[in-house]
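A.B. asks: sequence first, predicted coordinates after that:
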Amino acid sequence: MFEELKEMMCNYIEVDPETITPESEFINDLGFNSFDFMCLLGEIEEKYNIHVDEEEIMGLSTVKDAIKYIEKLRKEH
């Protein structure tokens with residue numbers, strides 16, 4: 001899932017995929033703005049057939065946080 005997520009993220013930000021790590025922070029390290037982040041979340045919802053809760057995603061700061069959250073939602077689905 002990490003590689004798929006990296007590929008999706010690179011559609012929204014200009015960063016070398018090799019520099020993205022699980023510990024990378026969406027805003028501080030990768031330069032996401034809120035619009036790009038919301039677009040990415042929409043793509044994640046479609047790809048994994050899940051529904052992301054907007055309040056819960058506010059606590060996601062790193063790529064690893066997002067992966068854990070997505071995996072949790074996929075198990076619940």
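C.D. replies: Yes, it's here. Residues are numbered from 1 along each chain as shown.
A.B. asks: by mean pLDDT, which helix or strand of the chain comes out lowest?
C.D. replies: The helix or strand with the lowest mean pLDDT-type score in the chain, counting by mean pLDDT, DSSP states H and E, is helix 54-57 (a mean of 86).
A.B. asks: name the residues that touch it?
C.D. replies: 41, 69 (Cβ atoms under 8 Å, 6 or more residues apart in numbering). Every residue, glycine included, has its C-beta placed from N, CA and C.
A.B. asks: and the next element down the chain from that helix?
C.D. replies: Remark: after helix 54-57, the chain's next helix or strand is helix 63-76, criterion DSSP states H and E.
A.B. asks: show me which positions of that following helix end up buried.
C.D. replies: For helix 63-76, a neighbour-count test (16 or more other Cβ atoms under 10 Å) marks 63, 65-67, 69-70, 73 as buried.
A.B. asks: got the contact list for it?
C.D. replies: In contact with helix 63-76 (Cβ under 8 Å, 6+ apart) are residues 1-2, 5-6, 9, 20-24, 26, 44, 48, 50-52, 56-57, 59-60.
A.B. asks: which of those residues fall in helices?
C.D. replies: The helices, defined by DSSP state H, take in 2, 5-6, 9, 44, 48, 56-57 from the contacts of helix 63-76.
A.B. asks: which one of the residues you listed sits closest to D16?
C.D. replies: The closest of the ones in helices among the contacts of helix 63-76 to D16 turns out to be K6 (Cβ to Cβ; 10.2 Å).
A.B. asks: give me the neighbour count for the closest one.
C.D. replies: K6 has 18 neighbours, counted by other Cβ atoms under 10 Å.
A.B. asks: same question for I13.
C.D. replies: By other Cβ under 10 Å, neighbour count at I13 equals 15.
A.B. asks: does it really touch D29, like I thought?
C.D. replies: No - counting by Cβ atoms under 8 Å, I13 stays clear of D29, with 10.2 Å between them.
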